[in-house]
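Student: Predicted model follows, preceded by the sequence.
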Protein chains: 2
Amino acid sequence: MTSSKKPNSTRRSTSVSLADVAERAGVSKMTASRALRGTTGYSAETRALVLKIAEEMGYVPNRLAAAFGSDTANNLVGICIPTLSRELYGQILEGLENRFSSVNYQPIVGVVGYDDEVELAWLNSALSWRPSGLVVAGRERSLANRTFLQSLTIPCVEIWNLCGGKDTMEKSDPMRVGFNHFDAGAEMGRYLANRYQGPFGYIGVRDEDVNLGAERLAGFTSALLECGIPAPGRKNKNNSPVTTTFLKDKASFYAGYYGTEQLLTANPDLRVLYYLDDNMAVGGMMLCQQKGLKIPGDVAIAGFGGMDIGAILPTRLTTTAAFRLRIGKTAADALLKKISGSPVGVLTDVGTELVRGETA
Amino acid sequence: MTSSKKPNSTRRSTSVSLADVAERAGVSKMTASRALRGTTGYSAETRALVLKIAEEMGYVPNRLAAAFGSDTANNLVGICIPTLSRELYGQILEGLENRFSSVNYQPIVGVVGYDDEVELAWLNSALSWRPSGLVVAGRERSLANRTFLQSLTIPCVEIWNLCGGKDTMEKSDPMRVGFNHFDAGAEMGRYLANRYQGPFGYIGVRDEDVNLGAERLAGFTSALLECGIPAPGRKNKNNSPVTTTFLKDKASFYAGYYGTEQLLTANPDLRVLYYLDDNMAVGGMMLCQQKGLKIPGDVAIAGFGGMDIGAILPTRLTTTAAFRLRIGKTAADALLKKISGSPVGVLTDVGTELVRGETA
DNA sequence: TTGGCTTGAGTTACCGGTAACGTTACGCCG
DNA sequence: CGGCGTAACGTTACCGGTAACTCAAGCCAA
């Protein structure tokens, strides 16, 4: 059944190989390969015969061998993201997967949290599969990790965060697809500063010592300053117009809930609250409702993300909509282009949209 | 720099290979391989030297070659899930990835929706990578797909749904890790039937012609019948005690919101509503609030999933908590055991927990 | 001293594809 | 009818590892 030129050779694998198909079809391995892949170099009859035999024999191509033997035919891509617990990355990943699978690329994914060493370990491990491209979540990272990404010889795209724009990038940095979080925060800051005098508070989370969404907060703060919002002064060491709190927790409804409670207890005068994301903002709303605080009368609330919970609340949440699925798809497209050698811009801004809800 | 026994041979790849390291270290490829992998058959000095050289030369192992050359060393696993938009599968996937990566297995993931043909295509494509195991989401599938899974020669585990239990399984079926959705629905049904007389309604969604969570609804319905809840009779073709509606939409807050509106408009007498998941249930709550309906006074509401939104609402949601992360981890463990040849039970029930909230 | 056992390290033969190149057959054209 | 271009197909040489086997050296006990 399994055949080989040397009859005494032992076959490790029991499955049907290209050689088996070729022999049974009475053609060479090469011809069979071409016929199965549908390139050129065979007659119609030959192709039909090979396909028929392959089907009959239950031939399953071995992409391991293909990728190994060619070093151009490897259609693996690595995708490295911090978490899947937030719906954020789930949707981005879905967008990525959709596009990649549509052109027969296989994603291998890693969920690495916010720890640089874990990320680096995963990247090394992923590279040993010789993927033809890499997708990583854009975030602040250690010099070692950044250097690692810069020294890659395969195309790489950073998603989610544009990290300050073109001028701050080095040539060797990966492409970026996402939006400018600083600007998104600033836009919300301006919007709120035009409507409220403050004082302003912010509730976010810290994961493995990194403050998530730090750039948005920076943009937010900067916009408030530009709009002439004064820093409260007292118990505000960095003299910022925003009183912040960072919970050591996952970004979740519940974190928003008790984070708001903590912040308001320590600073009962706060009148405008900005959150790391919509889920936390909704948690904050729930707390305010429970305490009998009117929104936005007593406390104005703004979130981030445009998650669909915000749209159905009795009072619609004011937020910044981010287009997660689109980021995934756009990033995948950009990477595929780069892999195929087409020119691609280093920065792709998919934008955001300020959603004027009723909570702020 | 790149070396080869035949000096005139052309190297396709430019990267450092095992042979390069071995030559520079003055040992054979095989010894270098063993030293790098840390098996046996080398002295401590040899190993240290090889590691040092590999480090110096920037050697990156080629797992493609390793997997190809060994057919036991392939530590790829395929993970096939319907969607990542619901946080449900995100958390399961995170659990899976955690466990797999901890033993250096690489997951390749596919997001295939609820279409049998798409799933089958993905499975075929994934198999061509010769993974050592497969994780698929447990759900109703076509005979073709079920047969395909049964004929696999590699270990496979179905997650999420125990699908009726041991007696309904065939020997060739994949292992299952999850919980019994019928029982979960039945438990909720009994709980509600003991507190309310009805009439009962259910709001779910249909994706590509499959009703998600159908087994839970079946269990729910069956429990109501057992508790003596009568079918309303009129406009209820299948004579069920539950008036159902299935939206052609994603399971989301918004779907729950307008689904509830539709159902209540058509059936204003409904007094107890059961939902596909917590998000939809919360959407329903929001609608009720907006219509001035008291919960649970006018309408009682129960969800499913134990998503954290339910825990922070002013009135805590009555629901069934499912342990998604644990399902992922348990499933990965089971698959790894099976791959390593250890005995594993065909069914692993991670259970659920009825959460007695304040909405029902 | 000898023989057996352990241990370190080399040798060889693949694994199942793809790329590159060589050869043959055949149609087209003048 | 000869020259030529191209389509069809065969051959061969890898790719970068791993498994199985072999062998030499070192060690210890008898």
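Tutor: Cool, the structure landed.

Student: drop to CA atoms for contacts and neighbour counts, all remaining ones
Tutor: Will do.

Student: Which single residue in chain A comes nearest to chain B?
Tutor: residue A:108 (4.3 Å; C-alpha to the nearest C-alpha).

Student: Residue A:134 versus that residue, what's the distance?
Tutor: Separation of residue A:108 from residue A:134 (C-alpha to C-alpha, to the nearest Å): 10 Å.

Student: Spit out the contact partners of residue A:204.
Tutor: A:211, A:212, A:213, A:244, A:245, A:246, A:247, A:251, A:256, A:275, A:276, A:277 (C-alpha atoms under 8 Å, 6 or more residues apart in numbering or on different chains).

Student: So which of those are in strands?
Tutor: Residues of the contacts of residue A:204 located in strands (DSSP state E): A:211, A:244, A:245, A:246, A:247, A:275.

Student: Please report which of these has the highest neighbour count.
Tutor: residue A:275 (30 neighbours; other C-alpha atoms under 10 Å in any protein chain shown).

Student: Surely that one touches residue A:203?
Tutor: Yes. Counting by C-alpha atoms under 8 Å, residue A:203 is a contact partner of residue A:275 at 5.0 Å.

Student: if I look at the two, which residues touch both of them?
Tutor: residue A:256.

Student: Please enumerate the helices of the stretch 201-350 of chain A.
Tutor: For the stretch 201-350 of chain A, applying DSSP state H, counting those that start in this stretch gives helices covering A:214-226, A:253-266, A:278-290, A:309-312, A:324-340.

Student: could you redo the ones you listed as TSV and give each row mean neighbour count?
Tutor: Listed next are the helices of the stretch 201-350 of chain A as TSV, based on neighbours: other C-alpha atoms under 10 Å in any protein chain shown:
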stretch	mean neighbour count
helix A:214-226	22
helix A:253-266	20
helix A:278-290	25
helix A:309-312	21
helix A:324-340	22
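
Student: Serialize the ones you listed to JSON lines and add fields for mean pLDDT and distance to residue A:189.
Tutor: Formatted as JSON lines, the helices of the stretch 201-350 of chain A follow (pLDDT from 0 to 100; distance: least, C-alpha to C-alpha, whole Å):
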{"stretch": "helix A:214-226", "mean pLDDT": "94", "distance to residue A:189": "5"}
{"stretch": "helix A:253-266", "mean pLDDT": "94", "distance to residue A:189": "19"}
{"stretch": "helix A:278-290", "mean pLDDT": "91", "distance to residue A:189": "15"}
{"stretch": "helix A:309-312", "mean pLDDT": "78", "distance to residue A:189": "19"}
{"stretch": "helix A:324-340", "mean pLDDT": "94", "distance to residue A:189": "22"}
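
Student: and those helices as JSON lines, adding distance to residue B:67?
Tutor: Below are those laid out as JSON lines (distance: least, C-alpha to C-alpha, whole Å):
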{"stretch": "helix A:214-226", "distance to residue B:67": "42"}
{"stretch": "helix A:253-266", "distance to residue B:67": "44"}
{"stretch": "helix A:278-290", "distance to residue B:67": "43"}
{"stretch": "helix A:309-312", "distance to residue B:67": "45"}
{"stretch": "helix A:324-340", "distance to residue B:67": "24"}
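
Student: Residue B:240: which of the ones you listed is closest?
Tutor: Residue B:240 lies closest, by C-alpha to C-alpha, to one member of these: helix A:309-312, at 30.5 Å.

Student: As a check, name the ranges of all strands in the stretch 101-250 of chain A.
Tutor: A:106-111, A:133-137, A:156-161, A:175-179, A:200-207, A:210-211, A:242-247 (DSSP state E, counting those that start in this stretch).

Student: tilt between the first one and strand A:133-137?
Tutor: Strand A:106-111 runs at 30 degrees relative to strand A:133-137, counting by axes from the mean of the first three to the mean of the last three C-alpha atoms, to 10 degrees.

Student: try the third one
Tutor: Relative orientation of strand A:156-161 versus strand A:133-137 (the same axes, to 10 degrees): 20 degrees.

Student: in terms of contact count, name the helices or strands touching strand A:156-161.
Tutor: strand A:133-137, strand A:175-179, helix A:324-340 (3 or more C-alpha pairs under 8 Å, 6 or more residues apart in numbering or on different chains; DSSP states H and E).

Student: Let me know which of these is the nearest to residue A:34.
Tutor: helix A:324-340 (21.0 Å).

Student: contact partners of the closest one?
Tutor: A:88-89, A:91-100, A:132-135, A:154-157, A:159-160, A:176-178, A:343-344, A:350.

Student: Now restrict the residues you listed to buried residues only.
Tutor: A:88-89, A:91-100, A:132-135, A:154-157, A:159-160, A:176-178, A:350 (16 or more other C-alpha atoms under 10 Å in any protein chain shown).

Student: Residue A:297: neighbouring residues, count only.
Tutor: 11.

Student: which residues does whatever residue of the stretch 1-150 of chain A ends up closest to DNA strand D contact?
Tutor: Of all residues in the stretch 1-150 of chain A, residue A:42 sits closest to DNA strand D, at 2.9 Å by C-alpha to the nearest atom of the strand. Neighbouring residues of residue A:42 by C-alpha under 8 Å, 6+ apart: A:31, A:34, A:35.

Student: ok, which of these also contact DNA strand C?
Tutor: residue A:34 (C-alpha under 7 Å from any atom of the strand).

Student: Including neighbour count, could the contacts of residue A:42 go into CSV?
Tutor: Shown next, in CSV, are the contacts of residue A:42 (neighbours: other C-alpha under 10 Å):
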residue, neighbour count
A:31, 19
A:34, 16
A:35, 21
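
Student: which among the contacts of residue A:42 gets closest to residue A:56?
Tutor: When those are ranked by distance to residue A:56 (C-alpha to C-alpha), residue A:35 comes first, at 15.4 Å.

Student: what does the model give the closest residue to the closest one other than its chain neighbours for pLDDT?
Tutor: Spatial nearest neighbour of residue A:35, chain neighbours left out: residue A:47 (5.0 Å); criterion: C-alpha to C-alpha, 6 or more residues apart in numbering or on different chains. With respect to pLDDT, residue A:47 scores 87.

Student: before we move on, what about residue A:233?
Tutor: Note for residue A:233: predicted pLDDT of 57.

Student: How about residue A:128?
Tutor: For residue A:128, the predicted pLDDT is 89.

Student: Kindly list the main-chain dihedrals of it?
Tutor: Reported as degrees, to the nearest 10, the phi and psi values for residue A:128 are phi -70, psi -10.

Student: ok, and the closest non-adjacent residue to it?
Tutor: Nearest to residue A:128 is residue B:62, by C-alpha to C-alpha, 6+ apart, at 4.9 Å.

Student: Do I have it right that the one you found meets residue A:126?
Tutor: No. If you go by C-alpha under 8 Å, residue B:62 and residue A:126 don't touch, sitting 10.1 Å apart.

Student: Tell me which of those two has more neighbours.
Tutor: Between residue B:62 and residue A:126, counting by other C-alpha under 10 Å, residue A:126 is the more crowded of the two (22 against 18).

Student: In contact with the more buried one: list those residues for me.
Tutor: A:78, A:108, B:106.

Student: anything in stretch A:54-68 near DNA strand D?
Tutor: Yes. On the criterion C-alpha under 7 Å from any atom of the strand, stretch A:54-68 is in touch with DNA strand D at residue A:68.

Student: follow-up on the earlier one: pLDDT score for the residue nearest to residue A:128?
Tutor: Predicted confidence (pLDDT) for residue B:62: 86.

Student: Next one: it from residue A:64, what distance?
Tutor: From residue B:62 over to residue A:64 (counting by C-alpha to C-alpha), the distance is 11 Å.

Student: Same question for residue A:262.
Tutor: For residue A:262 relative to residue A:64 (C-alpha to C-alpha), the value is 54 Å.

Student: Domain map for chain A?
Tutor: Domain ranges of chain A: A:18-61, A:76-180+A:324-351, A:182-322, per automatic domain parsing.

Student: Using TSV, lay out those together with distance to residue B:169.
Tutor: Output for the domains of chain A, formatted as TSV (distance: least, C-alpha to C-alpha, whole Å):
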stretch	distance to residue B:169
domain A:18-61	26
domain A:76-180+A:324-351	31
domain A:182-322	38
